[in-house]
Structure formats: C-alpha cells, structure tokens
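>>> Build me a structure from this.
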Amino acid sequence: MTENRMAADGAGGGGDADTVKRLHGYTEIEVTRKLILAIFEQRLPPGQRITEAQLSEAFNVSRTVVRQSISKLSEIGVFTKTPNQGCTIASPSRDEARKMLQLRIMVEPAMVRGIAATRSAADVGLLRDHIALENDARSRQDRSTLVRLTGEFHLKLAEMSANPYLIRLMTELQVLTCLAILVHAEAETCCPRDEHSTIVEAIARGDGDAAHDEMLHHLKHITEELNLDRDEPEPNLRNAFMWLRGAISA
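This is a model prediction of the structure:
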C-alpha cells in the first residue's frame with residue numbers, strides 16, 4: 001500500500017461523470033486501500049456505521065466486491081459486522097490500544113535496525129521525499145493529509161523490509177492505531193516533526209542501533225501522549241443496562 005497509489009486514487013467520490021468512470025471497475029484490493037486511506041484522513045471516524053449499499057454506490061461496484069473488502073477489514077478488526085445492519089468502524093478501547101502499541105514497540109525498532117543494514121540509496125531517497133511531504137503538509141496546516149502521511153511513513157518502512165508478513169502486520173496495526181488515536185487522544189496528536197526525520201537519518205547512516213532507539217523513543221512518545229493508563233472506566237453497555245435495572249447503585 002504505497003503513498004503514491006493511495007494519493008493518486010484519492011479518498012472521496014465526487015458526483016461528476018469523470019469520477020464515476022474512474023471508480024468503475026474497482027477491485028476488492030483497491031476498495032480496501034481506499035477505505036484505509038479514508039480512515040487515515042479521518043474521513044471515516046471510529047464508530048461510524050456504513051452499509052454495503054452505501055459503499056457499493058460510492059465505488060460504483062457490485063456488493064460482492066464490497067462484501068469481500070468488508071470481510072478482509074473485519075478479519076483484522078477494522079470493521080465490526082452486524083447481521084442485516086452493515087458494519088461499524090472499530091473504536092478501540094484503551095486496553096486494545098495499549099496492546100497494539102506494546103506489539104509495535106516489540107516489532108518496529110527491530111524492523112528499522114534491519115532496514116538500516118540493508119537500505120539502498122533509493123530507499124533513503126524515498127524516505128526523505130516522504131519527510132518533505134510531511135513537512136509541507138505541516139506548513140500548510142493540512143491536518144488530514146499530515147495524519148495520512150505520518151501513518152504511511154510506518155508502512156513505507158515495512159515495505160522496505162520486503163517481508164510480506166511484516167507488511168501485513170504493520171498495515172493492520174497502523175490502521176487500528178490511527179483509530180485508537182482518534183478515540184483517545186486528548187489533543188490533536190500527530191507524529192512530532194523531528195521524530196520521523198531522526199529515524200530516517202539513522203537509517204541513511206546505516207546506524208541500526210540509533211534507528212532502533214529513535215523508533216523506540218517515537219513509539220513510547222505516542223503511547224505517553226494517549227495517556228492510556230488513566231483510571232477512567234470504559235463505556236460498558238452491559239453495566240449500563242444493569243444500572244437501568246437498578247442492579248448497580250448510582
């Protein structure tokens with residue numbers, strides 16, 4: 001899932017004939033990519049319910065194609081399917097978000113250490129170009145584009161590993177982390193300006209230990225900003241109904 005492909009496709013569908021023509025014939029993979037892009041750009045918020053009919057109309061494809069995409073995204077936890085009611089975009093709990101970030105802390109520092117050992121000049125050029133795009137979005141205060149780009153940075157690193165299992169894992173974790181940030185961030189959180197660039201420069205030098213440490217610092221920073229350890233009760237529908245029945249005191 002490269003930035004160029006995702007950016008070229010765009011996130012929303014217009015009503016003009018050219019847009020309809022461009023969308024017609026989308027495959028399940030392309031539909032899935034665009035739905036992920038829409039999440040990265042905060043066009044599809046956590047908890048939003050959407051139906052097969054809505055997506056079929058938006059993409060101008062059959063419900064079979066939409067159903068395949070929904071099924072794939074449901075398998076990785078991005079969608080929750082409800083019989084006869086479409087699906088709902090995931091709204092990760094604090095505990096789920098904490099576990100996602102714990103896994104990323106185990107995986108990504110080791111990943112960039114390996115990339116630093118095998119990087120090519122082309123890899124470094126692509127990463128530096130991506131950092132330039134992030135900085136441009138910051139300067140224009142284009143938050144939706146910046147959120148997408150900062151998420152795609154981590155996916156670009158995974159792609160450079162050339163490990164299909166790692167690419168799939170990181171895609172799943174990055175999309176779900178984006179949703180968790182939308183749910184739990186108390187301020188408008190984006191990856192800080194310098195943290196991605198310090199990772200890239202460590203990779204460019206071939207300094208695997210520094211790349212490892214910079215990524216570890218970066219992920220811990222994100223975890224701290226989400227403040228996932230605070231003692232605020234998660235919404236619980238079962239407890240709500242028990243309270244309504246009087247089984248739990250106010």
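>>> Quick check: which element contains the residue nearest to the spatial centre of the chain?
Closest to where the C-alpha atoms of the chain average out (Cα atoms, centre = their mean) is residue 175, at 2.4 Å. Assigning secondary structure by DSSP states H and E places residue 175 in helix 164-184.
>>> buried set for whichever helix or strand comes after that helix?
Toward the C-terminal end, the helix or strand that comes next after helix 164-184 (DSSP H and E) is helix 193-205. Of all the residues in helix 193-205, those buried under the rule 16 or more other Cβ atoms under 10 Å are 195, 196, 197, 198, 199, 200, 201, 202, 203, 204. All C-beta spots, glycine's among them, are computed from the backbone N, C-alpha and C.
>>> and what of stretch 134-146?
134, 137, 138, 145, 146.
>>> Just the ones of the residues you listed in helices?
Among the buried residues of stretch 134-146, DSSP state H puts 134, 137, 138, 145, 146 in helices.
>>> now those as a markdown table including pLDDT and distance to residue 36?
Output for these, formatted as a markdown table (pLDDT from 0 to 100; distance: Cβ to Cβ, whole Å):
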| residue | pLDDT | distance to residue 36 |
| --- | --- | --- |
| 134 | 94 | 18 |
| 137 | 92 | 18 |
| 138 | 90 | 22 |
| 145 | 88 | 15 |
| 146 | 87 | 16 |
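>>> Go through those and name the one nearest residue 32.
residue 145 (20.5 Å; Cβ to Cβ).
>>> Leaving out chain neighbours, which residue sits closest to that closest one?
residue 137 (4.4 Å; Cβ to Cβ, 6 or more residues apart in numbering).
>>> low-confidence ranges in this protein?
1-25, 186-192, 230-243, 245-250 (pLDDT under 70).
>>> quick one: the longest helix anywhere in the chain to chain centroid distance?
Criterion DSSP H: the longest helix present in the chain is helix 94-118. The chain centre lies 14 Å from the centre of helix 94-118; the measure is Cα atoms, centre = their mean, to the nearest Å.
>>> Cool, thanks, signing off.
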